[in-house]
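**Student:** only geometry, no sequence info:
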């Protein structure tokens with residue numbers, strides 16, 4: 001058992017040795033994932049088990065930790081608790097996808113070595129929701145803070161009224177133009 005994750009792996013070699021590895025990975029080193037996070041700081045704990053099932057090289061893993069993204073409802077930071085398990089089957093061509101067992105996701109191996117952080121980053125990308133939102137009961141707390149932070153005074157409401165009347169005048173101008181033509 002290793003407390004330090006390898007940087008690169010050769011799937012054939014690690015699976016034939018039935019390697020078990022665990023350790024921490026920094027989110028800051030995951031460039032593609034950092035675009036979707038508020039601040040790509042912190043680490044995730046990773047446990048990996050490489051093995052052979054028949055002739056197929058496989059990887060079972062779990063990832064735990066936290067990520068921070070922007071809630072699309074209230075635009076505040078949302079904490080995403082990560083508890084993700086996955087099972088990958090290493091394949092050498094797309095033709096092998098049909099031969100995988102249910103529950104196994106394909107991992108295409110073009111080279112003899114794979115960067116382990118890329119596999120973990122891909123799994124985190126799949127785990128992260130497309131639209132990040134707080135739970136309904138906690139999101140209202142954040143949106144109240146935002147709504148109350150901007151106080152509306154008389155001049156703001158008068159400006160809004162003037163803007164509406166200008167829009168109505170613009171449509172009136174268009175109607176007049178239509179009559180002329």
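**Tutor:** Alright, I've got the coordinates. Since the model is a prediction, treat every value here as computed from it, not as a measurement. Numbers count the residues shown, from 1 in each chain.
**Student:** show me the contacts for the residue most central in space within the chain.
**Tutor:** In the chain, the C-alpha nearest the mean C-alpha coordinate belongs to residue 128, at 3.3 Å (Cα atoms, centre = their mean). Residues in contact with residue 128 (Cβ atoms under 8 Å, 6 or more residues apart in numbering) are 33, 36, 67, 69, 80. For glycine as for every other residue, the C-beta is placed from the backbone atoms N, C-alpha and C.
**Student:** would you list every one of the strands in the protein?
**Tutor:** Counting by DSSP state E, the chain has these strands, from start to end: 8-9, 20-26, 43-53, 56-70, 77-91, 105-108, 114-115.
**Student:** Now do the fourth one and strand 77-91, the angle between them.
**Tutor:** Which is strand 56-70. Here strand 56-70 runs at an angle of 170 degrees relative to strand 77-91 (axes from the mean of the first three to the mean of the last three Cα atoms, to 10 degrees).
**Student:** quick one: strands adjacent to strand 56-70?
**Tutor:** According to DSSP bridges, strand 56-70 forms sheet pairs with strand 43-53 (antiparallel), strand 77-91 (antiparallel).
**Student:** Please convert these to a markdown table, extending it with distance to residue 17 and mean neighbour count.
**Tutor:** A markdown table is the format used below for these (distance: least, Cβ to Cβ, whole Å; neighbours: other Cβ atoms under 10 Å):
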| stretch | distance to residue 17 | mean neighbour count |
| --- | --- | --- |
| strand 43-53 | 7 | 17 |
| strand 77-91 | 14 | 16 |
